[in-house]
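In: Sequence plus predicted model, see below.
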Amino acid sequence: GVGELVLLEKLLGLPKGNKYGVQGERKVPVLQTNNGPGLTGLMTIAAHLVKQAKKDQLLGCTAEEKAVVQQWLEYRVTRVDGGSSKEDTRIILKDLNVYLEDKVYLAGNIFTLADILMYYGLHHVMVSV
């Protein structure tokens, strides 16, 4: 959520000062922008921050890498954030383990936003294991 976005800002070397809020029961992050409507959703805001930091390579370089990054960002929102039971967590970790057997990073050989946000999303799980 909002805490992850603040960590991402710091990692990207962006100046502090973005105004975040949350919306709805699921506490969806919202970024208030100066020039227009706010941005809603963790992935939307994260991609915006990456572009703001001029680190577009974190979104993937080739069309395939970009698609894989999007796939894992979607997985993060739908499975990792959506999964709450121990069984869900076990399946997620098993999926990741199998997928990463022959890869260095989620998008192959490059470090991307998908790696960062999956780390943030699973950190609390790994700490408790």
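Out: Cool, got the structure.
In: Please count neighbours and contacts with C-alpha atoms only from this point.
Out: Will do.
In: burial measure for M126, as a count.
Out: When neighbours are defined as other Cα atoms under 10 Å, M126 has 10 of them.
In: do the same with K55
Out: 15.
In: S85 too?
Out: Counted by other Cα under 10 Å, the residues lying close to S85 total 9.
In: pLDDT score assigned to it?
Out: S85 carries a pLDDT score of 79 in this model.
In: how many other residues sit next to V69?
Out: Residues near V69, counting by other Cα under 10 Å: 23.
In: so what's it up against?
Out: With contact set as Cα atoms under 8 Å, 6 or more residues apart in numbering, V69 has these partners: L59, G60, L106, A107, T112, L113, A114.
In: what residues are up against the third one?
Out: Which is L106. By Cα under 8 Å, 6+ apart, the neighbours of L106 are V68, V69, W72, Y99, L100, T112, A114, D115.
In: In the helix or strand hosting the second one, which residues have enough neighbours to count as buried?
Out: Read it as V69. Assigned by DSSP states H and E, V69 falls within helix 63-75. Going by neighbour count (16 or more other Cα atoms under 10 Å), the buried part of helix 63-75 is E65, K66, V68, V69, Q70, W72, L73, Y75.
In: I'd like the residues you listed as JSON lines, with distance to I45 appended.
Out: Listed next are the buried residues of helix 63-75 as JSON lines, based on distance: Cα to Cα, whole Å:
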{"residue": "E65", "distance to I45": "20"}
{"residue": "K66", "distance to I45": "16"}
{"residue": "V68", "distance to I45": "18"}
{"residue": "V69", "distance to I45": "15"}
{"residue": "Q70", "distance to I45": "13"}
{"residue": "W72", "distance to I45": "16"}
{"residue": "L73", "distance to I45": "12"}
{"residue": "Y75", "distance to I45": "16"}
